[in-house]
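**Q** Give the three-dimensional model of this entry:
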Amino acid sequence: MRGPVVNSKALLLAPARVARDWRDRHKCRPLLVEAVADRAAFTDRTFAAAADP
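**A** Residues are numbered from 1 along each chain as shown. The predicted structure is shown next:
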């Protein structure tokens, strides 16, 4: 599947999943999750927008 809704949904769900996995493995909750997108690596508009300064 492709489209802005799919990308946005994935970006929305990822931090919660990372927090759950981190808690399960390390027995503590992360307070901050940072996302970094390299404009040269991603041509998709969702990821390109995330890389804007």
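
**Q** Residue ranges in this structure under the pLDDT threshold?
**A** Within the chain, the stretches with pLDDT under 70 are 1-5, 37, 39, 42-53.

**Q** and the longest helix along it, which residues are buried?
**A** In the chain, assigned by DSSP state H, the helix with the most residues is helix 4-26. Using 16 or more other Cβ atoms under 10 Å as the test for burial, helix 4-26 gives Asn7. Yep, even glycine has a C-beta here, placed from its N, CA and C like the rest.

**Q** Which strands or helices does it pack on?
**A** Other helices and strands packing on helix 4-26, by 3 or more Cβ pairs under 8 Å, 6 or more residues apart in numbering; DSSP states H and E, are helix 45-50.

**Q** What residues does Ile30 make contact with?
**A** Residue 30: Pro, not Ile. Val18, Ala19, Trp22, Arg23 (Cβ atoms under 8 Å, 6 or more residues apart in numbering).

**Q** Pick the one among the residues you listed closest to Ala40.
**A** Ranked by distance to Ala40 (Cβ to Cβ), these are led by Val18 at 23.9 Å.
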